[in-house]
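Visitor: coords please:
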Amino acid sequence: MEQVSQSFTVDLRRLTVLRELRRRGSLARTAEALHLTPSAVSQQIAALAREAGVPLTERDGRGVRLTGQARVLLAHADLIAAQLERARADLAAYGEGGGRGSVTIGCFSSGILGLLPGALRALGECLPQVKVDVVEAEPPDLFTALDGGQIDVAVAVDFAATPAYTDRRYSRTDLFTDVLDIAVPPGHRLAGRGRIGLRELAEEAWIVGDARSCCGAVARSVCAAAGFTPEIRHAVNDWGALTALVEAGQGVALVPRLVRPLYAHRRLALLTTDGEAPSRNVFAAVRAGAEADPVLGAVREQLVVSAGELTGPD
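Guide: Numbers count the residues shown, from 1 in each chain. Model prediction:
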């Protein structure tokens with residue numbers, strides 16, 4: 001490998017592939033996320049390594065891992081991407097009436113149900129010239145789409161697949177804390193208690209979402225924090241279906257207050273936990289540098305307002 005040239009240049013599209021490899025951890029998962037073949041990903045990384053004049057990956061068993069040089073390059077790639085976003089935001093703000101013609105918001109399903117309707121109505125009034133599209137997505141795919149420009153604003157829940165709070169690739173705004181209640185069937189032995197210790201349900205059958213989903217991951221982590229691994233009898237991601245199963249006596253579940261309209265008509269006993277209630281943090285993120293975009297700024301402001309209007313029982 002040659003020494004780094006003083007005049008070296010790199011292809012920004014190849015930097016995007018390297019950034020996704022950092023996120024996904026393998027060539028196969030990177031290829032799947034970017035709709036490429038593993039061979040094409042390898043070729044992109046190899047070409048970037050030739051441009052930079054340094055090795056970017058090394059063998060790690062059957063896979064690859066990033067080199068120290070790759071991590072140095074990625075730190076600069078994050079800064080470059082942020083600066084390009086600032087340039088685009090400055091151009092969008094330039095002149096009378098500057099701004100975007102459309103914005104795409106990526107959001108998890110219960111956020112679309114409970115948070116976005118109010119925000120979209122308000123945006124339609126204050127930005128009638130801007131077309132707002134909504135895409136349902138969760139991390140990590142949500143942030144792959146944000147990195148790639150397929151969406152402009154990501155609304156997500158903090159869990160293992162979400163970028164770290166300190167990730168400088170994104171500018172984030174915390175929106176609200178969504179409290180989780182315990183749903184048990186009518187007539188359950190604990191139904192009349194109102195407040196219980198979560199560990200009291202350690203021997204119950206549980207209804208929980210897929211482990212890769214934000215809701216499934218949060219439910220598992222909450223139970224683990226209470227000191228037990230739940231016996232998952234049913235794996236269901238749809239909140240309406242999940243609460244129907246609880247009502248039918250098929251198990252217990254954690255349900256967010258954000259989607260309470262979906263199960264308000266169900267015959268359920270909703271319990272709270274002793275001590276601090278289990279919850280999930282909901283936030284919005286844009287690419288670093290894009291926070292100066294006037295339209296994206298308006299979208300984030302309206303999301304904050306709509307989050308503030310969400311109410312739930314204490």
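
Visitor: And the protein, what are its domain boundaries?
Guide: The record assigns the chain these domain ranges, following automatic domain parsing: 1-98, 100-176+281-309, 178-280.

Visitor: Just send those back as a markdown table, with mean neighbour count and mean pLDDT too.
Guide: In short, each C-beta sits where N, CA and C put it, glycine included. Rendered in a markdown table, the data for these read as follows (neighbours: other CB atoms under 10 Å; pLDDT from 0 to 100):
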| stretch | mean neighbour count | mean pLDDT |
| --- | --- | --- |
| domain 1-98 | 15 | 82 |
| domain 100-176+281-309 | 19 | 93 |
| domain 178-280 | 18 | 93 |
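
Visitor: Arg19 contacts His76, correct?
Guide: No - counting by CB atoms under 8 Å, Arg19 sits too far from His76 to count as a contact (11.3 Å).

Visitor: What segments of this structure are helices?
Guide: Taking DSSP state H to define them, one finds helices in the chain at 12-24, 27-34, 38-52, 68-93, 109-114, 116-126, 141-148, 214-225, 239-247, 260-263, 294-309.

Visitor: So which other helices or strands are in contact with the longest strand along the chain?
Guide: Across the chain, the strand with the greatest residue count (assigned by DSSP state E) is strand 170-184. Packed against strand 170-184 by the contact rule (3 or more CB pairs under 8 Å, 6 or more residues apart in numbering; DSSP states H and E) you find strand 153-157, helix 214-225, helix 239-247, strand 253-256, strand 269-273, strand 279-287, helix 294-309.

Visitor: if I look at the nearest residue to Pro230 once chain neighbours are set aside, how far off is Leu74?
Guide: For Pro230, ignoring the flanking residues on the chain, the nearest one in space by CB to CB, 6 or more residues apart in numbering is Trp206 at 3.9 Å. Taking CB to CB, to the nearest Å as the criterion, Trp206 is separated from Leu74 by 39 Å.

Visitor: again, but for Ala52
Guide: Distance check for Ala52 against Leu74: by CB to CB, it reads 11 Å.

Visitor: try Gly25
Guide: Computed as CB to CB, the Gly25 to Leu74 distance reads 14 Å.

Visitor: same thing with Ala226?
Guide: In terms of CB to CB, Ala226 sits 37 Å off from Leu74.

Visitor: Good, we can wrap up now.
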